[in-house]
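Undergrad: return a 3D structure for these sequence lines:
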Amino acid sequence: MKRWNAFWFATTPRHSIGAFRIILCAWFVEDFLSFLPGLDSLLVRPGDWLVPSAGLLWMGRFLPLLEAGDCLTALRVFAWILAPLALLGIGTRFSLIALALVNFLLRSWHSSSVYVSHASILPSLALFVLALAPGVRAWSVDALLEAWRSRRRGERFLWADRLAGRPAAVWPIHLILAAAAVVYVSAGVAKLRWAGGDWLSGRTLQWYLQGTAGKKRLGDSTQFFVANRDAPAGVKFRDPWGIDRIANSTMSTSAGRTVGSSRALCAAFSWATLALELGFAFLFVLPRAGQYALLAGAAAFHAGIGALMGIDFGGWAVLFLAAVDWNSVLRRAGEFLPGLHASRAA
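TA: As a prediction, the model looks like this:
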């Protein structure tokens, strides 16, 4: 029990949830540049194609559900206001809670049109963790204003120390990384359970990298519908034509097609992917250097997906930056800025 409590609730100056707030919110600002304008497509789709997700249905028990056209415009405005506020740390706690809820509603409406953006799922969960995390006001405008008022009252302190805040419980960092570990391990287990030999031999990866999946694309969509006119009525959904499921597709890059031409190379990448994903089961028992190596390997893995398959999972790699000792980095940066280390507390 002592180890369990220490794992979640020990305080440490090594991590900075405030610095990570800046990084994650910066990713959301960048992602909103493409995500929010893309929601216009929801407003012109037939209502039969918009089925509220489980999350929206759950929220509907407490709040009246609005039609997509009634709320999307307002929610997008709120998202553009809240993301910069949360990044800068202005009304930090409120802006984070509001941003997490608004982002959840927007992503849920987006997935209600069948297409699910997997790349945003983990960052969206991390945003909820941030909203409740202790120490999230570190390195914020709020903290800067508090420090300025303290200096006006005659207090003496290091600006960098005051902005970094007191050591906070480590549970937000561990919870974010644990959620990522569950997803990666589950993906590895799924590959073994459902693909088995086809994955280990490289055939599955080769099918995607050779562009075979892309031949079934409809327009610019990366997911397409599979219809079965003879399917029982109970398994058909959203139209009478027998659309009973969707399938993922990719547009392999030229580099991906080059790799896909070699079964041996595809097999090597397949084994490496499986080892990486299952390796996340040991994330918290590895020494710090081993943790950093595993997280760096996962970041390289997502960079490879982008280079070979043109799929951006940068938001997942951003989560790994939560493990960095940002307080040390920012204090070292402060040494080059005049005044930050000019005075000490008496």
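Undergrad: out of everything not next to it in sequence, what's closest to residue 304?
TA: Residue nearest to residue 304 in three dimensions, not counting chain neighbours: residue 269, with 7.8 Å by CB to CB, 6 or more residues apart in numbering. For glycine as for every other residue, the C-beta is placed from the backbone atoms N, C-alpha and C.
Undergrad: likewise residue 146?
TA: residue 162 (7.8 Å).
Undergrad: do I have it right that the one you found meets residue 149?
TA: No: contact criterion CB atoms under 8 Å: residue 162 and residue 149 do not qualify, at 11.0 Å.
Undergrad: strands along the protein, start to end?
TA: 11-12, 168-169, 223-227, 243-248 (DSSP state E).
Undergrad: mind checking pLDDT for the residue most central in space within the chain?
TA: By CA atoms, centre = their mean, the chain has its centre lying nearest to residue 123, at 2.2 Å. pLDDT for residue 123: 95.
Undergrad: skipping adjacent residues, who's closest to it in space?
TA: residue 315 (4.1 Å).
Undergrad: list the contacts for that neighbour?
TA: 27, 31, 119-120, 122-123 (CB atoms under 8 Å, 6 or more residues apart in numbering).
Undergrad: now residue 12
TA: Contacts for residue 12 were tallied using CB under 8 Å, 6+ apart; they are 167-168, 170.
Undergrad: residue 309 and residue 210, how far apart?
TA: From residue 309 across to residue 210, the span is 11 Å (CB to CB, to the nearest Å).
Undergrad: quick one, which of the two is more surrounded?
TA: Taking other CB atoms under 10 Å, residue 309 and residue 210 do not tie; residue 309 has more neighbours (23 against 17).
Undergrad: residues in contact with residue 263?
TA: The contact partners of residue 263, by CB under 8 Å, 6+ apart, come to 201-203, 206.
Undergrad: tell me which two in the residues you listed are the farthest apart.
TA: Maximum pairwise distance in the contacts of residue 263, criterion CB to CB, is 8.8 Å, between 201 and 206.
Undergrad: sort out for me which of the contacts of residue 315 are in helices.
TA: The members of these that map onto helices under DSSP state H are 27, 31, 122-123.
Undergrad: and of the residues you listed, the nearest to residue 153?
TA: Checking the ones in helices among the contacts of residue 315 against residue 153 with CB to CB, the nearest one is residue 27 at 36.9 Å.
Undergrad: neighbours of the residue nearest to that closest one when sequence neighbours are not counted, how many?
TA: Leaving aside its chain neighbours, residue 27 sits nearest to residue 318 (4.8 Å; criterion: CB to CB, 6+ apart). Residues contacting residue 318 under the criterion other CB under 10 Å number 22.
Undergrad: surely residue 318 meets residue 23?
TA: Yes: taking contacts as CB under 8 Å, residue 318 lies within contact range of residue 23: 6.2 Å.
Undergrad: nice, that's everything, thank you.
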